[in-house]
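1. Any chance you can model this:
(chains A and B)
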Amino acid sequence: MTRPLLQSLSLCLSLAVGALAPLPSHAQAAGKAGEEVVLGLSQDRVAITADFDGSEILIFGAVKRETPIPEGPSLQVIVAVSGPQSPVTVRRKAKRLGIWVNTDSVLVDSAPSFYAIATSAPFSEVISDTEDLRYRVSIARAIRSVGAAMNIQGAQDFADAVVRIREDRGLYSLRENTVAVDQQTLFRTAIEMPSDLTEGHYTARILLTRDGKVVSKFETDIDVRKVGLERFLYAMSREKPFLYGLMSLAIAIAAGWGASAAFRLLRNG
Amino acid sequence: MLRSNLFMQVYLPIAEVSVNAFLLLGLGGIVGILSGMFGVGGGFLMTPLLFFIGIPPVVAVATEANQIVASSFSGVLAHFRRRTVDIKMGMVLQVGGLIGAAVGVVVFNYLKSLGQVDLLVTLCYVVFLGVVGTLMFIESLNAIFKSKRAGGALPPRRQRGWVHALPFKMRFRTSGLYISVIPPILVGVAVGILAAIMGVGGGFIMVPAMIYILGMPTKVVVGTSLFQIILVTAFTTMLHATTNYTVDIVLAVLLLVGGVVGAQIGTRIGVYLKAEQLRILLALMVMVVCAKLGLDLLLMPSELYSLGAAGGH
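-> So this is what the prediction gives:
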């Protein structure tokens, strides 16, 4: 699986610098400067194999522009990789009859299973609050709980709990100053993905900002999938649960019988 | 892979967590040694241990049922060769067991949708481990004192009471019993419910129930219990696999490889210890697990919030 990273990096960069790279379909020429992202990924798919132990995706690229580098505040880069969104039930424990039990629960409409942000400077300097609200960049804004039952006091506490718990598990992270920007043109960063990854379509967003304003935006997909045996077993457990159950039993019985027979041989022999 | 995988992390396809393979083999081995020493399935120890290492409880319970099938099958073969399995009694217990397992899975799934399944599982553990551990501790202490005074414990007396007054009597030749089928069925139901909710074989409840309630001779109790446990846990595995999709075969295989090897070692260690000593060690172990789980309920947890998928699955 190890890709010749340096090779593909230099290849992509030479393409980008040579301005010969095909125009990316998602790129939006938002700013007046007409700056666009040309992106490279060390891998656009993450394969969850049986020995999957987390992964590191190298995200690198160049800023393509027709005009000279604009004057004023320098270019900043935000890279945000997001896992598939899904609703989450958040439960809170309280003491009842002397023991701690789940009492209140709030449905958070949509939270990404994974969310990692890397920025080229402290977050508050890279993007203004209004732009953050518009593009939903920060971890807190990536979680949507608009429809959450407001009758429970402190619904925000439940959304905060999602962030806290997933940060502890390494699923959510904000790493400031980890995007290296060179000559306001080349940038690169590495996004760490933990071993407890769920599969689905991940998206990598790259935002270029100047003075806290987004000047360009680029989005690409990263496919995270179980492969091989993992894929086979997972698919079978969902699609043919009866057969999967029988297979589990058959393996268990064969193993039990095999162990008994093997140790009998050892004892007799 | 960018990182080398020297420490054998294994990604479990159903649990969707990555764990160390040697940790699982080791856990399987240790629980296997204990189960070999004490003649219990070890499910009541393994399931809480799986909770502690971060396996989601629903996966731990379902997968442990599958693993118990393997370890019980390995054990029951030896008992079949010694003809110490009362198949007829096993089948009657089985009828109750299947009803119980079905009820247990329904209760389990209902509470899962309410978000209370962890509480139910933990409460079941605390109550049953507490009761069984304490009774076993007292009983084995008594046995040790008696054997010191009298030089040998008296065999337990057969109960003759309400069990023999019930209708629908049936003859169980291997056990030498002529009793009503109602008590065995009720025992089966109780153990079936426990098997489904707690992810255990239920041997630690079944064995005392067979001796003290049904009055079966001790020599056929373990074999018959194992025989019955195989069918109930196989049924539970199928129910969990088809309704919750939570049986993780990779996890099960790693645990059972460690478990069957450990069990053989444990059986050999067990030979060097006296029955009362074994029982008192087992009782202490049961009470420690119970205390740990009980404290988790009583002490304020460090994280009050927990996340679950929406829609109850």
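2. Any buried residues in stretch B:98-112, and which?
-> Judged by neighbour count using 16 or more other C-beta atoms under 10 Å in any protein chain shown, the buried positions of stretch B:98-112 are B:98, B:100-102, B:104-105, B:108-109, B:111-112. (C-beta placed from N, C-alpha, C; glycine too.)
3. Just give me the least confident of the residues you listed.
-> On pLDDT alone, B:Lys112 ranks lowest of the buried residues of stretch B:98-112, at 77.
4. Just the element for that one, please.
-> Here B:Lys112 sits within helix B:87-114, counting by DSSP states H and E.
5. From the contact counts, what lies against that helix?
-> Secondary-structure packing of helix B:87-114 (3 or more C-beta pairs under 8 Å, 6 or more residues apart in numbering or on different chains; DSSP states H and E): helix B:117-150, strand B:169-172, helix B:182-198, helix B:218-243.
6. Run through the helices of the stretch 51-200 of chain A in chain order.
-> Across the stretch 51-200 of chain A, reading from the start of the chain, the helices by DSSP state H, counting those that start in this stretch fall at A:123-126, A:129-135, A:139-142, A:155-168.
7. Looking at these, which is nearest to A:Gln85?
-> helix A:139-142 (8.6 Å; C-beta to C-beta).
8. how distant is the closest one from the center of its chain?
-> Taking C-alpha atoms, centre = their mean, to the nearest Å, the mean C-alpha location of helix A:139-142 is offset from the chain mean by 13 Å.
9. Likewise for stretch A:157-176?
-> The chain centroid and the centroid of stretch A:157-176 are separated by 13 Å, computed with C-alpha atoms, centre = their mean.
10. close to chain B, is that stretch?
-> Yes - Stretch A:157-176 lies within reach of chain B by C-beta under 8 Å from any C-beta of the partner chain, at A:157-158, A:161-162, A:164-166.
11. Now restrict the residues you listed to buried residues only.
-> Of all the residues of stretch A:157-176 next to chain B considered here, the ones buried according to neighbour count by 16+ other C-beta under 10 Å are A:157-158, A:161-162, A:165-166.
12. Is it possible to get TSV of these that adds distance to A:Leu265 and pLDDT?
-> Shown next, in TSV, are those (distance: C-beta to C-beta, whole Å; pLDDT from 0 to 100):
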residue	distance to A:Leu265	pLDDT
A:Asp157	61	80
A:Phe158	58	82
A:Ala161	55	86
A:Val162	54	86
A:Ile165	50	88
A:Arg166	50	89
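13. which of the residues you listed sit farthest apart?
-> Greatest spatial distance among those (C-beta to C-beta): A:Asp157 and A:Arg166, at 15.0 Å.
14. ok, B:Phe235 - contacts?
-> By C-beta atoms under 8 Å, 6 or more residues apart in numbering or on different chains, the residues touching B:Phe235 are B:97-98, B:101.
15. hmm, 7 Å instead?
-> Contact criterion C-beta atoms under 7 Å, 6 or more residues apart in numbering or on different chains gives B:98, B:101 as the residues in contact with B:Phe235.
16. burial count for the nearest residue to A:Lys213 once chain neighbours are set aside?
-> In space, A:Lys213 comes closest to A:Glu131 once its chain neighbours are excluded; the distance is 5.9 Å by C-beta to C-beta, 6 or more residues apart in numbering or on different chains. By the measure other C-beta atoms under 10 Å in any protein chain shown, the count of residues near A:Glu131 is 16.
17. how near is A:Glu131 to chain B?
-> A:Glu131 sits 29 Å away from chain B, taking C-beta to the nearest C-beta, to the nearest Å as the criterion.
18. Repeat that for A:Ile206.
-> When distance is defined by C-beta to the nearest C-beta, A:Ile206 is 21 Å away from chain B.
19. Before we move on, what's the pLDDT of A:Tyr115?
-> For A:Tyr115, the predicted pLDDT is 92.
20. I figured it was touching A:Ser82, is that so?
-> Yes - under the criterion of C-beta atoms under 7 Å, A:Tyr115 lies in contact with A:Ser82, with a separation of 5.2 Å.
21. Pull up the overlap in contacts between the two.
-> For the pair A:Tyr115 and A:Ser82, residues contacting each of them under the criterion C-beta under 7 Å, 6+ apart are A:Ala142.
22. Distance to A:Asp221 for the buried ones among the residues of stretch A:157-176 next to chain B - can I get that in a markdown table?
-> Putting those into a markdown table (distance: C-beta to C-beta, whole Å) gives the following:
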| residue | distance to A:Asp221 |
| --- | --- |
| A:Asp157 | 33 |
| A:Phe158 | 30 |
| A:Ala161 | 29 |
| A:Val162 | 24 |
| A:Ile165 | 26 |
| A:Arg166 | 21 |
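23. Chain B: which of those residues is nearest?
-> Among these, A:Ala161 lies closest to chain B (C-beta to the nearest C-beta), at 3.4 Å.
24. residues contacting that closest one?
-> Neighbouring residues of A:Ala161 by C-beta under 7 Å, 6+ apart: A:90, B:305.
25. Relative to B:Leu297, how far out is it?
-> In this structure, A:Ala161 lies at 20 Å from B:Leu297, with C-beta to C-beta, to the nearest Å as the measure.
26. Now the phi/psi pair for B:Leu49, please.
-> As for B:Leu49, its main-chain torsions (degrees, to the nearest 10) stand at phi -60, psi -40.
27. check contacts around it.
-> With C-beta under 7 Å, 6+ apart as the criterion, the residues that contact B:Leu49 are B:Leu27.
28. Do you know the pLDDT at it?
-> Per-residue confidence for B:Leu49 comes out at a pLDDT of 85.
29. before we move on, back to that, so the residue nearest to A:Lys213 makes contact with A:Gly212?
-> Yes - the criterion here is C-beta under 7 Å, and A:Glu131 meets it with A:Gly212 at 6.3 Å.
30. what sits in contact with each of the two?
-> Where contact means C-beta under 7 Å, 6+ apart, no residue is in contact with each of A:Glu131 and A:Gly212.
31. What residues does the stretch 151-300 of chain B have near chain A?
-> For the stretch 151-300 of chain B, the residues in contact with chain A (C-beta under 7 Å from any C-beta of the partner chain) are B:234, B:237-238, B:241-242, B:245, B:247, B:249-250, B:252-253, B:256, B:260, B:264, B:297-298, B:300.
32. are any of those residues buried, and which?
-> Burial of those was assessed by neighbour count (16+ other C-beta under 10 Å); the buried members are B:234, B:237-238, B:241-242, B:245, B:247, B:249-250, B:252-253, B:256, B:260, B:264, B:297.
33. And those, which two are furthest apart?
-> The span of these, defined through C-beta to C-beta, is set by B:Gln264 and B:Leu297 at 35.9 Å.
34. contact partners of stretch B:15-24?
-> Around stretch B:15-24, the neighbours that count as contacts under C-beta under 7 Å, 6+ apart are A:52-53, A:195-196, A:198, B:7-12, B:53-56, B:59, B:248, B:251, B:254-255, B:258.
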